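In: Model the structure of this input:
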Amino acid sequence: MNPPGLRRLAVSVLLSVLCGLICASSSAAEGTASAAPRSGYSYLSEETRRLQDDEFANPGMLWVQKGEELWRQSTGQAAQSCQSCHGQARDSMRTVATRYPTYSPTLGRVINLEQQINRCRITRLKESALAYESEDLLALTAFISHQAKGLPVDVGVDGPAAASFARGRAFFYQRRGQLNLACANCHERYVGFRLHGETISQGQVNGFPIYRELWQTMGSTHRMFVWCNEAVRAEPYPLGSQEYVDLELFERWRARGLPIETPAVRR
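Out: Numbering: from 1, shown residues only. All right, here's what the predicted structure looks like:
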C-alpha cells in the first residue's frame, strides 16, 4: 500500500476507535463534571512516577537548571537579570505559578506566565521577547513554576478575569473538528476509559511545563492544546493566542487545590 493509502487507513482506524469510545457505554466510567480534581500523576505507571519523583533522573529538571542560569544572566540594554529585580526566586517566585494565568490591568486582559516573563523582558530588561515554546522560555517558565512545587493551584476567575474564564469554559465544552469532540468528552465523561492502552485522565495541567515522553522534550499547556486539537482533527489556534490563554485559565481552575508538580513527566 502506498504512503497516502496508509495515512488514510490510519485516519480511518483512529476515527473508528475514537467514535467507538465516545459512543460506548460502561458502568466503569468514573468521569463526571463534579469529580474531585485528580492529577495525571495518579494515572502514570509506577516506573514513570519514579522518574518524575527523582530530581536526578527527571529529564524536565534539565530545563529547570537552564532556567536558573537564565534567571541570573544579565541581558538586554538594561544589562540586568531577572534576579536584579526579583532577588532569589525561591522567595520572590514561591507562589507565582499557583495564580497564573491572571488579569493584567496594564494590558486589560488575562495573560499567562509565559507572557508575563516576556513582558518583564521587554519593559524591564529592554530585551526582545522569547518565542513561544522556545527552549529559553520553557526553561524560565519551568524554573519559576518549580519554585511553587507542592503548593495548591489557586487562580482567580472573578472580577476582571470572569469574561476570560467564561470563554475558556465555553471552549472546553464546545465540540470541534472532524471528530466533533469537546475537551469534556474525554477529560470529564470518559475519564478512566482506555484508549490505545492508555487510561484517559482528567487532563489536569498542574504539572506544566511537562516533559512528555511522546515528544522527548518539554512542552507548555498550549502545545498540549494544539496536540489535542489536532487529535480531533480541528484547526489549532496559535501558541500564545487569547483563546488558549482563556482555556488555560479554565483548566487551572479545574485543577484548583492540586499541588504544582513542575516539571511533571507524562506519557
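In: Spit out the contact partners of the nearest residue to L137 once chain neighbours are set aside.
Out: Leaving aside its chain neighbours, L137 sits nearest to L130 (4.0 Å; criterion: Cβ to Cβ, 6 or more residues apart in numbering). Any C-beta I mention is one placed from the backbone N, CA and C, and that applies to glycine too. L130 is in contact with 117-118, 121, 136-137, 140, counting by Cβ atoms under 8 Å, 6 or more residues apart in numbering.
In: What about those, which one has the most neighbours?
Out: Neighbour counts for these, by other Cβ atoms under 10 Å, peak at L140, which reaches 29 neighbours.
In: And the closest residue to that one other than its chain neighbours, how far from L151?
Out: Nearest residue to L140, sequence neighbours excluded (Cβ to Cβ, 6+ apart): G67, at 4.7 Å. G67 sits at a distance of 18 Å from L151 (criterion: Cβ to Cβ, to the nearest Å).
In: more neighbours, these two?
Out: Set G67 next to L151 and count neighbours by other Cβ under 10 Å: G67 wins out with 28 against 15.
In: So the residue nearest to L137, which state does it fall into?
Out: coil (DSSP: H, G, I helix; E, B strand; the rest coil).
In: From T75, how far off is it?
Out: Counting by Cβ to Cβ, the gap from L130 to T75 is 11 Å.
In: Quickly list what's touching both of these two.
Out: Residues touching both L130 and T75 by Cβ under 8 Å, 6+ apart: R121.
In: Quick check: next helix or strand after the helix or strand C85 falls within?
Out: Secondary-structure assignment from DSSP states H and E places C85 in helix 82-86. Note on helix 82-86: by DSSP H and E, the next helix or strand toward the C-terminus is helix 89-92.
In: ok now that following helix, how far from the chain's centre?
Out: 22 Å (Cα atoms, centre = their mean, to the nearest Å).
In: Pull that helix out as PDB, backbone CA atoms only.
Out: Only the C-alpha atoms of helix 89-92 are listed here, as PDB (Å, rounded to 0.1, in the frame of the first residue of the first chain):
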ATOM      1  CA  ALA A  89      13.500  33.000  43.100                       C
ATOM      2  CA  ARG A  90      12.800  30.600  45.900                       C
ATOM      3  CA  ASP A  91      11.400  33.600  47.900                       C
ATOM      4  CA  SER A  92      10.000  36.000  45.300                       C
END
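In: No further questions, thank you.
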